[in-house]
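>>> need a 3D model of the following:
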Amino acid sequence: MFVVATVVLGLLTFGVAAIGGKIPKAGATTHPVKTAFCAANDSIDKAGANVTSASGFLAVLKAKRAALAAMKKDAPTGKIGRDVRALVKAALAAIAKRNPNLLNNPSLGGGAIDTYCGVDGNGNPLPAYFAAGKGSPFCSVSSAINAGTQNATDAAGVLAFLAGHQSLITQYASYVPSLPTSIQSDAQTLVTSAQSAISTNNSNLLGTQTVSQDSMAVQLYCGQNQ
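The predicted structure is shown next:
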C-alpha cells in the first residue's frame, strides 16, 4: 500500500519495525472477498511502484479511485479494516484538495495491509526471507538509524542525521558480512551510498532507484513492509 513519505522523498532508510501476527503466504488469498480486496490493493502498489514525485503519486490515486472504493468495500474486519478506511479517507482527501502531503502520515498502516495480502510495497510477493532477520543485532542497529531518519522532512535532513551518527553506520557495516548472501549486496550498497553522500555532502545520492530498491530488500529482511 502507498507510503507517500518514501515515494516523495526517496530517502535512504535502514529501518526495521515489527509487524505482529502470522505472516500470510504470498498468493494465499483464496477467499473471494479477500481476493478482490488484495487485487485492488496490489493494483495501486504496482501503479505507484516507479513513481518518484508527489504529483505523480497523486495522479496514480486519481486514476485508481475504483480500486480505492473496492478496498473500502471489501476491507477485512479488525485493525486491518481500520487501517484501510483511514488510508482511503486520506487518499480521497488528498485527491479532493490536490495535496499529496495529506498522506504523509506515519500512523497510516499501509505496510500491515500489504503484509495481509502477502506482497511488498510494489505489489510483488513477499520474499522467502521476509522477517528472517527480525530481532537480530543488525536489524536493531537498522532500527536505531531508521528512528533518526524518520524525523527528517527531506533528503538534506536525512544526510544531516547520518553525518552526525556515523558510528551507527560503522556498526551497521560491521554486520554486513554475516548477512545472508541475498541481502549482503543490498546492505553494502546502503552503507556505500551513505558514506559517499556524507563525504561529498550530496544528499541526492540517497534518493536513487538503486538505493530505494536495496532499502526495501533490507527492510523486508528485518520485518518491515512499507
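
>>> strands along this protein, start to end?
Per DSSP state E, the chain carries no strands over any range.

>>> tell me which stretches of it form helices.
Across the chain, reading from the start of the chain, the helices by DSSP state H fall at 4-9, 32-47, 54-63, 65-74, 78-97, 110-117, 137-149, 155-164, 166-175, 181-200, 209-221.

>>> which other residues reach the fourth one?
Same thing as helix 65-74. 33-34, 36-37, 39-41, 43-44, 61, 84-85, 87-88, 91-92, 95 (C-beta atoms under 8 Å, 6 or more residues apart in numbering). Yep, even glycine has a C-beta here, placed from its N, CA and C like the rest.

>>> need the helices of the chain in TSV (columns: distance to Leu126 and mean neighbour count).
Supplementary listing: these in TSV, determined by distance: least, C-beta to C-beta, whole Å; neighbours: other C-beta atoms under 10 Å:
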stretch	distance to Leu126	mean neighbour count
helix 4-9	17	21
helix 32-47	12	19
helix 54-63	22	17
helix 65-74	19	17
helix 78-97	16	17
helix 110-117	7	24
helix 137-149	16	20
helix 155-164	26	18
helix 166-175	22	16
helix 181-200	14	17
helix 209-221	7	20
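
>>> a markdown table for the ones you listed, including mean pLDDT?
As requested, the helices of the chain are exported to a markdown table (pLDDT from 0 to 100):
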| stretch | mean pLDDT |
| --- | --- |
| helix 4-9 | 35 |
| helix 32-47 | 92 |
| helix 54-63 | 88 |
| helix 65-74 | 95 |
| helix 78-97 | 92 |
| helix 110-117 | 89 |
| helix 137-149 | 92 |
| helix 155-164 | 92 |
| helix 166-175 | 97 |
| helix 181-200 | 95 |
| helix 209-221 | 90 |
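
>>> okay then, goodbye and thanks.
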